[in-house]
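> model this:
(chains A, B and C)
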Amino acid sequence: MTPPRLSSSRQRLLQDRVATGLITAGGVGVLLAILAIGVFLVWETLPLLVIGDTLALAKLSPLAWGTLKAALAALLFAIPVALGAAIYSALFMSARLRSRIKPALEMMEAIPGVVVGFIAGLILAPWVERHLASALMLIIWLPLSAALAGLLWQLAKTRLRRRLPLSWAGLWLVPWFVFMVAIALWLAPWLEQHWLGGDLRQLLDQRYGMDYATRNALIVGIAMGFAVIPSIYSLAEDALADVPSTLIEGAQALGASRWQALWKVALVAAGPGIFSAIMIGAGRAVGETMIVLMASGNTALFSASPFEGMRSMAAAIAIELPEASPGSQTYHLLILAALVLFIFTFLVNTLAEVVRQRLRRRYRQIGGTL
Amino acid sequence: MTSVSANSASRHPRFSRVNDLWPWLCAASVALSLLMLGALLTLLLVRGLGHFWPATLEEITLSSGETFAGQAVREVALPQQDGDERLYFTGNQDIDGVRWRWVAIDEIVERAQPTDLIRLDRSPWGDFIGRLVAIEQHGQRWEGDAAWQQLATLLKLPANQRQESQLLLTTVDGQILRQPLANVVSAQTPNAMAWWQKTFAWGDAVWRFLSEGPRAANTDGGVWPAIFGTVLMVILMSVIVTPFGVLAAIYLNEIAHQGRLTRLVRIGVRNLAGVPSIVYGVFGLGVFVYGVGGSLDEWFFSDTLPSPTFGTGGLLWASLTLALLTLPVVIVATEEGLARIPEAQREGAVALGATRLEMLTRIVLPMAAPAMLTGVILAVARAAGEVAPLMLVGVAKLAPQMPIDGEFPYLHLERKFMHLGYHLFDTAFHGEDVQAAIPLVYATALLLVLIVLVLNLTAIFLRHYLRRQRGNEC
Amino acid sequence: MLASLHSSNTSQAPVAHFLSEHSCLSIDHFSLAYAGKEALRDLTLSVPRHRVTAFIGPSGCGKSTLLRAINRLHDLNESVTHSGQVKLEGQDIHDPQMNVTELRRRVGMVFQTPNPFPMSIYENVAFGLRLQQRLPKRKRDDIIEWALTSAALWDEVKDRLHRSAWQLSGGQQQRLVIARTLAVQPDVLLLDEPASALDPISTLKIEELIRNLKSELTLVLVTHNMQQAARVSDYTAFLHQGELVEYGPTDQVFTNPRLQRTENYITGRIT
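As a prediction, this is how the structure comes out:
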């Protein structure tokens, strides 16, 4: 039962060589195309540098300020919420809940900026304008009500505590919050009437000389914060969940409470990962266009007030570049803005990536096979 | 010191310390994020779908004796005084000149919901709210119930077959209007409808929203051209991005020398996913539109210059720009898939005498296919929701021609196109009557979010399935 | 029958005999380095035709590296450099004239962990055949049946040829991999610790299979299991730190090693 001899052909080797060549050419071509973005941006900005027009650069500064202000506002809101959520879901949440909640929160990232911007600019902004006191009160009220929930829980009977464990609190606090928001909205007009003389906006204007613009940094902060939370959350959660459990258990074995173990060990160990998560979030906040465009009012102001608008570089590019004639000064200036955005986000992301890789290597050393 | 307090806390569980509240603040962050996400989705669902439900019409008599009919929209507190005011949508822009009316609630004497109030959807002039008196056609005349039945039959005919018919309408304050039937899109008496009739009307309205073009400067009608434009652009983009992304990933993972340079390139590609989309838009405008497009115009379309053919934003440039934007997504996902294939599979194939090409095409690529598909789906989801770069490279507020038609060469890559996301932005921020457009904007936003979420969920499930499959093997 | 052949023919065979005319593979002053780090140093040995030759030695001694070099699997790794010659039937495998895919067809290789492809049992065996040439289905079916029979797997899988190969047990998977390799009719079969991931019964089956296959082709076995080497091989080469320490008929190497180092290893004093 001996089968016939098989033949082999040189053609297959040739095919292989040709295909390898093609793949290499294609791959290198794609990588070059990506490189071309940077080259193009630098090339188109050169005329500005040749002229040495410092006045033109001065035009860019309110935009840079606006970009920073918007990003800062977003990060102020996003960092505490995202890190809190990451800490909770990496270290306290039940595994079953976590496997559901994590994708849900990551889904937030997928919601298009244009939708968030629409809600912020057309729905949230007018509402906050009419209910400024309520909105500000909510910002203080929500953390307080979370702490209140914690206090009540510690005072509660064991049976109730077993029914509503901390590991599921991320879920059952939602109705609690709905309840608390309702209370705040009910109380706020009354508080405004009695403590703030009836109209907070008027008070701000008369006593502190603060203007109130419908679309302002507060709105941008909330809306863009909403968009940035998932990216910070996701990376920070990964970093925290990857902390070798031997570290935390070791700390607890030495008598530290769960929170102390977390604070002293896990957060420190995952520090670089959290840092890179924040960097990625910052990169996203700086470059986000539609939300700022729709929720900021697009006024190029130098103002630190949270109740005034701004114009970011990304929004300026989106509005002005289609109208700028190629070769004009505005055109080059806007491309310079794009170059700044490109370099900034690229550097920030590279930093984050390098930090993250180094961290992963360190974990592998500590955790052994983990 | 600390250990003492920790011990006392464990002995007296009710003794609470500030430290024990931190986990609650963290849990609250999760709850807050979920709440915001839930609120956003609920808002979109309720307002986006609710708009199509036939709303109850009210006939209002004011203390001044004036009457009007309309749909109550919302209430807000009166500025500087007690009490609320309510906004009514009254339609009848051709008669009154406006479509909205604010009324202080105190001034309302009577609110009635008469069943004979009708609502017509017309083009032009939008909604009419009032009563139907009669219908006239070729000298014939129907009145009362007969008129309503005749209207229902006539509306089933195409618009050009009802040229001769006219409606005799009256508003609730007695003004008379003669309305050519050809301009009427639909008619209903919402107060007289049972819930199942309303459900039917709702389904019909949703279908018309999805299948018709916009009317009245995007404040009315449907979003079909925008859906079509988005889908076509995304398909073109996938056709471009898939082969190149996969090629680059194969090169990086299977062919390139795995040294320091490759590692740097890999980090660079990964980081490009974080570069703002508007930067890609700038590149697309500068290189594709002005650079390549401008040159194409000079060489092939010089007879139509100075009006540009390819030298302006268009479908092709938009697809190319978004392909570049989503390239990192595809490369990263494919590379992950390739890296996860055990080396033993590759060696097994090679040891049987397979060339690298045969190993790739017969073993590696089939195994990496789900990962590639995940990457492409994620890319599509990202591209479908991306608006900023499109504003620079070819999206239009209202495209006069569809990018595909019966005219040679059928697919017109140079044409501008409509896009759901941009349609949303434009209607919400540049429309003439934003108030009237908001319900449609909600519906558009809901549609966009649904498309993007469904795509993302598909990718998540695919990835999950993939991980489990790999898990079994180990 | 084979067992008797083993005892009668090979144990008395002088070294010089198998070095000359019966050699199928001959390795001549062969060295190999990973990124400048030497893994094999100046090896010279020759593998006799239709016999089982075992490479033994402590972990990291270079026995797997040598096996992979015979199949030129190091081609996939650019940092590997080598010198000296490996000759298959008198032809240098590193000769630019040598068609590497043809070499790998002639030199089959079975790895430590079973690596069936994610396809059906039938397709796994047909994989190598499909690379070589277009065969009529009848003929292909015949070869597949022959290969599976030779690998002692046919009876177990003949009713489920089109089921996924990943559903087989570990031992069956390893025999499937051997069948897959046999289907392209190699001259030499390299086995890299083929039974190390398997349970004792599967291991016995593989060993029996190895002994049976000797009549068809030349086998080279890398193993860290002394008893296995003693049970199945005709010749044994002991490698240590990249060098060939001792090479000879298995009985001689195990019962009467010439060098102290070999004896230490065999009796378990070096690991």
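
> which residue ranges form the helices in the stretch 101-250 of chain C?
Counting by DSSP state H, counting those that start in this stretch, the stretch 101-250 of chain C has helices at residues C:121-132, C:137-150, C:154-157, C:170-182, C:200-213, C:226-232, C:250-255.

> Contacts for the fifth one, please.
When you say that, I think you mean helix C:200-213. By C-beta atoms under 8 Å, 6 or more residues apart in numbering or on different chains, the surrounding residues in contact with helix C:200-213 are C:2-3, C:6, C:52, C:150-152, C:169-172, C:174-175, C:178, C:182, C:189, C:191, C:194-195, C:198, C:219, C:221, C:228, C:231-232. Yep, even glycine has a C-beta here, placed from its N, CA and C like the rest.

> what about burial for these, which qualify?
By the neighbour-count criterion of 16 or more other C-beta atoms under 10 Å in any protein chain shown, the contacts of helix C:200-213 include these buried positions: C:6, C:52, C:150-152, C:171-172, C:174-175, C:178, C:182, C:189, C:191, C:194-195, C:198, C:219, C:221, C:228, C:231-232.

> ok, which of these also contact chain B?
Checking the buried ones among the contacts of helix C:200-213 against chain B by C-beta under 8 Å from any C-beta of the partner chain, not one of them is in range.

> Closest to the centroid, which residue in chain C?
Most central in chain C under C-alpha atoms, centre = their mean is C:L190, positioned 1.8 Å from the mean C-alpha point.

> List, one by one, the residues from the stretch 351-474 of chain B near chain C.
Those residues of the stretch 351-474 of chain B that sit near chain C, judged by C-beta under 8 Å from any C-beta, are B:A351, B:L352, B:G353, B:A354, B:T355, B:E358, B:R362, B:I363, B:P366, B:M367, B:N472, B:E473.

> Can you go through the residues you listed and name the buried ones?
Buried among those (16+ other C-beta under 10 Å): B:A351, B:L352, B:G353, B:A354, B:T355, B:E358, B:R362, B:I363, B:M367.

> Any chance of CSV for these, columns secondary structure and pLDDT?
Shown next, in CSV, are those (DSSP: H, G, I helix; E, B strand; the rest coil; pLDDT from 0 to 100):
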residue, secondary structure, pLDDT
B:A351, helix, 85
B:L352, coil, 86
B:G353, coil, 83
B:A354, coil, 85
B:T355, coil, 84
B:E358, helix, 87
B:R362, helix, 88
B:I363, helix, 89
B:M367, helix, 87
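
> now, which of those sits nearest chain A?
Nearest to chain A among these, counting by C-beta to the nearest C-beta, is B:T355 at 3.7 Å.

> Show residues contacting stretch B:35-44.
The contact list for stretch B:35-44, computed with C-beta under 8 Å, 6+ apart, reads A:104-105, A:107-108, A:111, A:115-116, A:119, A:123, A:174, A:177-178, A:226, B:442, B:445-446, B:449.

> repeat that with 6 Å
For stretch B:35-44, the external contacting residues (C-beta atoms under 6 Å, 6 or more residues apart in numbering or on different chains) are A:M108, A:V174, A:F177, A:F226, B:A445, B:L446, B:V449.

> Sort out for me which of the residues you listed are in helices.
Members of the contacts of stretch B:35-44 lying in helices (criterion: DSSP state H): A:M108, A:V174, A:F177, A:F226, B:A445, B:L446, B:V449.

> which of those has the most neighbours?
B:A445 (27 neighbours; other C-beta atoms under 10 Å in any protein chain shown).

> Of the residues of the stretch 351-474 of chain B next to chain C, which pair is most distant in space?
Across those, the longest distance by C-beta to C-beta is 29.6 Å; it joins B:T355 and B:N472.

> And the residue of the stretch 51-200 of chain A that's closest to chain C?
Closest to chain C within the stretch 51-200 of chain A is A:S99: 25.5 Å, counting by C-beta to the nearest C-beta.

> Could you give the number of residues near that residue?
11.

> For the stretch 1-150 of chain C, what lies in contact range of chain B?
Within reach of chain B by C-beta under 6 Å from any C-beta of the partner chain, the stretch 1-150 of chain C has these residues: C:N71, C:E78, C:T101, C:R104, C:R105, C:M109, C:F111, C:N115, C:F117, C:G128, C:L131.
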